[in-house]
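S.K.: Sequence plus predicted model, see below.
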Amino acid sequence: MASDTIPIRQGEELDTSAIENYLREQLPNLPEESLTIEQFSFGKSNLTYQLKMGEWEAVLRRPPLGPVAPKAHDMEREYKILKEISLISRCSETIFVCR
């Protein structure tokens, strides 16, 4: 993955423990190392984070904080589109979407 990560910006923090617990429930074969999270320095529309556990890496995307237009930042729609694209083109695997 890109090394364009920064410490998480103030006010955009995530609950690392809750995310790690959720990931371990959903993906039982994750490495034993603890989850670390950094934020990508680019991307202002949706907040984008790098997740790491040992050699395992993933990207977490979430809508921006605060009020947003009703149909803007639809993460479920983005997930479905990326999932379909992955069937016909090389792109990163989409693992799951949650609310």
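M.R.: Nice, thanks for sending it over.
S.K.: which of the residues in stretch 30-40 are buried?
M.R.: Of the residues in stretch 30-40, Leu35, Ile37, Gln39, Phe40 count as buried by neighbour count, 16 or more other Cβ atoms under 10 Å. Backbone N, C-alpha and C define where each C-beta goes, glycine included.
S.K.: Looking at those, which has the smallest pLDDT value?
M.R.: pLDDT across these is lowest for Phe40, at 92.
S.K.: hang on, isn't it packed against Thr48?
M.R.: Yes. Between Phe40 and Thr48 there is a contact under Cβ atoms under 8 Å: 4.5 Å.
S.K.: shared neighbours, the two?
M.R.: When contacts are counted by Cβ atoms under 8 Å, 6 or more residues apart in numbering, Phe40 and Thr48 have Val59 as shared neighbours.
S.K.: The closest residue to Leu35 other than its chain neighbours and Ile6, how far apart?
M.R.: Closest residue to Leu35 apart from its sequence neighbours, by Cβ to Cβ, 6 or more residues apart in numbering: Glu20 at 3.9 Å. Between Glu20 and Ile6 the computed distance is 20 Å (Cβ to Cβ, to the nearest Å).
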